[in-house]
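J.: Can you look at this prediction? I've put the sequence above it.
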Amino acid sequence: MLSPSRKDFISLSLTEQGGGNYTNAKQWRRQSCWRKWKQLSRLQRCTVLVFIVLLLICGIAAYPSITGNQTDEPHFALEIKKPGPVLPEPPSEVSVPTFKCHRNLLYEGHVQNIVSCHKVSHLCVEFMQDKAMQLKLRNPGCFVFCVCSWRGSLIEADQAIDPSAKGQQNKDAGMTKLEAVREAFRHAWKGYKEFAWGHDELKPVSKSYGEWFGLGLNLRRKLKTLVAAELSFNKNVDVNLFESTIRILGGLLSTYHLTGDSLFLDKAKDIGIRLMPAFNTPSKIPYSDVNIGKGTAHPPRWTSDSTVAEVTSIQLEFRELSRLTQDPRYQIAVNEIMKHIHKLDGKQDGLVPMFINTNNGQFTHLGVFTLGARADSYYEYLLKQWIQGGKKEVELLEDYLQALEGVKKHLVKQSSPLGLKFVGELSHGHFSPKMDHLVCFLPGTLALGAHHGLPAEHMELAKQVMESCYQMYAQMETGLSPEIVHFNMHSGSTQDVDVKPADRHNLLRPETVESLFYLYQFTKDKKYQKWGWEIFQSFNKHTRVPTGGYTSINNMESFFLGETLKYFYLLFSEDSDAISLDKYVFNTEAHPLPIWSQAE
């Protein structure tokens, strides 16, 4: 042994000359190693120690999994995707659902390590922070730690976020459909009021809130007192032109028409003026982002493009602002966009690419066409601008009708085995049977056009695509549609709808309910109410959080209150004059604005 007081002393004993060995080889080796260790730098010694500690930790962590694999119980594995960050412990008071260990447990997520589970039933604790959710699965002999980055609902068919969901279903059965929707709205509002008051989005499971613009997107639709006292747009904050227009400007204009209170028009003018710097571009195609305090605007940091849907889905709101204020600059700015796109090259039979450059005004990413994200509301607003303006703007109608011909020619196909009509995508001449849930706006838009005098075949196509959108819910175990589906087109398929693991989440989106509302209004066919009731019950069963609110796992999006529940209410309402579709046109955020020929 080395004496602590004599660290530099090493004693060696040798055999007689010619013996060929040390008398204490074991001791020599130990002392030699110590000398080599002392010769290492401090950094090198620290590195080695850290490595040894990591090996010990890994060995301890792996022990339960190694020993557990020797059992005969069922084995389920979660595969590695990408490593994710470690989030803080979730609050202890979070309500806990029961899940089954399943290969599709992590959909769009990142798994920290390969895990082996040996019990069918596990306890999952949800914790949401920004775009991430932490799951812990615990049971005897199995410990799983993983981090998911996703925005969807992972729910087994017989499970629910809210343990009292079955009781709620019994309550629903004793209510009228309208009463059930009112109760759902009060429940969602309760969660927002208690945990996210004054902020943009509720995170109901973690009982917190998320901020988008810091403008209280939920509040702006509801409370005059807060609008008068606290709604100030004089903030040094970047906001998205499109989202601010359809949500805030549209909401204020709609509230003004429904209440007659000039306060809301004054606020609409204020935000409208602050958004105008977005149009100061070389091409007059607006930038995506505006600082409403500084009066500056810019494109996203990673591109000079804006999406076509964003720049062509702000027209209803700015046109109405000009009509009410008698200030033409708002309408001139948005009309120039439509005139520019009307004559722009790069379309295919009326279908438009998804992106447009704000510097030169040309389409980019040519050859890719979809009615889903980044292009969807372009088609919706072609029709609705034509209706809003009293059906006088011929160019808008021409572009809409031409686009529908392109949809029928290139994007509408049939699935197998039920022969459902669905709307896919086109990429450089190659068809994909991929359909976003967002595309389910189309049946309602088609039906609205038919109601306003367009060909009857539009209504027929609306009914066919509506059936497909319903099946996107009905063919799922939870009764909730995924964000994206792929329709099977091969003969011999057993199910029309196929879902990829990354798309198995539901965001409480309104498009299907919106279209059900239009179809019921124009046909009075009770099946559309029946389908809507099934979907509403699935939301209650699988996304309702007991303390208040509904969850898409990440946030309760503001559109759930402002659109989804609103369209549920209108769908079940027999008062067709509540919001007459002959007097009002809904913007893409479900805010009714007057049809000019009826408002004058």
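T.: Perfect, thanks for sending it. Numbering: from 1, shown residues only.
J.: so what are the domain limits for this protein?
T.: Structural domains annotated on the chain: 76-148, 158-208+404-600, as defined by automatic domain parsing.
J.: Could you look up the SS state of Asp327?
T.: Following DSSP: H, G, I helix; E, B strand; the rest coil, Asp327 is assigned to coil.
J.: Confidence-wise, which of the domains of the chain is weakest overall?
T.: Comparing mean pLDDT over these, the weakest stretch is domain 76-148, at a mean of 31.
J.: Send over stretch 479-490 as PDB, restricted to the C-alpha atoms.
T.: Only the C-alpha atoms of stretch 479-490 are listed here, as PDB (Å, rounded to 0.1, in the frame of the first residue of the first chain):
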ATOM      1  CA  GLY A 479     -64.000   7.900 -33.400                       C
ATOM      2  CA  LEU A 480     -61.600  10.900 -33.900                       C
ATOM      3  CA  SER A 481     -60.000  11.700 -37.300                       C
ATOM      4  CA  PRO A 482     -56.200  11.700 -37.600                       C
ATOM      5  CA  GLU A 483     -54.500  14.900 -38.900                       C
ATOM      6  CA  ILE A 484     -53.700  13.200 -42.200                       C
ATOM      7  CA  VAL A 485     -55.000  10.000 -43.800                       C
ATOM      8  CA  HIS A 486     -54.000   8.000 -46.900                       C
ATOM      9  CA  PHE A 487     -56.900   6.400 -48.800                       C
ATOM     10  CA  ASN A 488     -56.400   2.900 -50.200                       C
ATOM     11  CA  MET A 489     -57.000   2.600 -53.900                       C
ATOM     12  CA  HIS A 490     -55.900  -1.000 -54.500                       C
END
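J.: Would you mark the buried spots in that stretch?
T.: By neighbour count with 16 or more other Cβ atoms under 10 Å, stretch 479-490 contains the buried residues 479-488. C-beta coordinates here come from the backbone N, C-alpha and C atoms, glycine included.
J.: swap in stretch 535-549?
T.: Neighbour counts over stretch 535-549 (16+ other Cβ under 10 Å) mark 535-549 as buried.
J.: go on, stretch 451-466?
T.: 451-452, 454, 458-459, 461-466.
J.: So which residues make contact with it?
T.: With Cβ atoms under 8 Å, 6 or more residues apart in numbering as the test, stretch 451-466 has contacts from 387, 391, 401, 404, 408, 412, 420-423, 440, 442-444, 446-447, 449-450, 515-516, 518-519, 522-523, 528, 581.
J.: Can you list which of those are found in strands?
T.: Cross-referencing the contacts of stretch 451-466 against strands under DSSP state E gives 412, 421-423.
J.: now, which of those sits nearest Ser262?
T.: Closest approach between these and Ser262, by Cβ to Cβ: Val423, at 42.6 Å.
J.: burial measure for the closest one, as a count.
T.: 26 (other Cβ atoms under 10 Å).
J.: likewise Thr551?
T.: 25.
J.: shouldn't it be in contact with Lys207?
T.: No - contact criterion Cβ atoms under 8 Å: Thr551 and Lys207 do not qualify, at 11.1 Å.
J.: ok, Arg565 - how many residues close by?
T.: Actually, residue 565 is Leu. It isn't Arg. For Leu565, using other Cβ under 10 Å, the count is 24.
J.: For it, what is the enclosing helix or strand?
T.: helix 565-572 (DSSP states H and E).
J.: Return the list of strands paired to whatever helix or strand comes next after that helix, each annotated with direction.
T.: Using DSSP H and E, the helix or strand that directly follows helix 565-572 along the chain is strand 584-586. With DSSP bridges as the test, strand 584-586 is paired with strand 592-594 (antiparallel).
J.: mind listing what the nearest residue to Lys526 once chain neighbours are set aside touches?
T.: Nearest-residue entry for Lys526: Tyr520, 8.0 Å, with adjacent residues in sequence omitted and distances by Cβ to Cβ, 6 or more residues apart in numbering. Going by Cβ under 8 Å, 6+ apart, Tyr520 touches 526, 528-529, 532, 571.
J.: Nearest to Gly429 among the residues you listed?
T.: Tyr528 (36.0 Å).
J.: Just give me the neighbour total for Lys408.
T.: Neighbours of Lys408 under the rule other Cβ under 10 Å: 14.
J.: for Asp327, that is, sorry about that
T.: 14.
J.: What separation do you get for it and Asp305?
T.: Noted for Asp327: a distance of 29 Å to Asp305, by Cβ to Cβ, to the nearest Å.
J.: Stretch 413-424 spans what distance, first to last residue?
T.: One end of stretch 413-424 to the other measures 7 Å (Cα to Cα, to the nearest Å).
J.: Could you number the chain from 19 rather than 1 from now on?
T.: Noted, 19 is the first residue going forward, which turns the last one into stretch 431-442.
J.: neighbouring contacts of it?
T.: 389, 425, 429-430, 449-453, 457, 460, 479, 482-483, 485-486, 489, 505-515.
J.: Just these: which are in strands?
T.: 430, 449-450, 452-453, 505, 515.
J.: Can you go through those residues and name the buried ones?
T.: Buried by 16+ other Cβ under 10 Å: 430, 452-453, 505, 515, out of those.
J.: the helices in the stretch 519-618 of the chain, which residues?
T.: 529-541, 544-561, 576-577, 583-590, 614-617 (DSSP state H, counting those that start in this stretch).
J.: In a markdown table: these, plus distance to Thr277.
T.: Formatted as a markdown table, the helices of the stretch 519-618 of the chain follow (distance: least, Cβ to Cβ, whole Å):
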| stretch | distance to Thr277 |
| --- | --- |
| helix 529-541 | 23 |
| helix 544-561 | 28 |
| helix 576-577 | 20 |
| helix 583-590 | 16 |
| helix 614-617 | 15 |
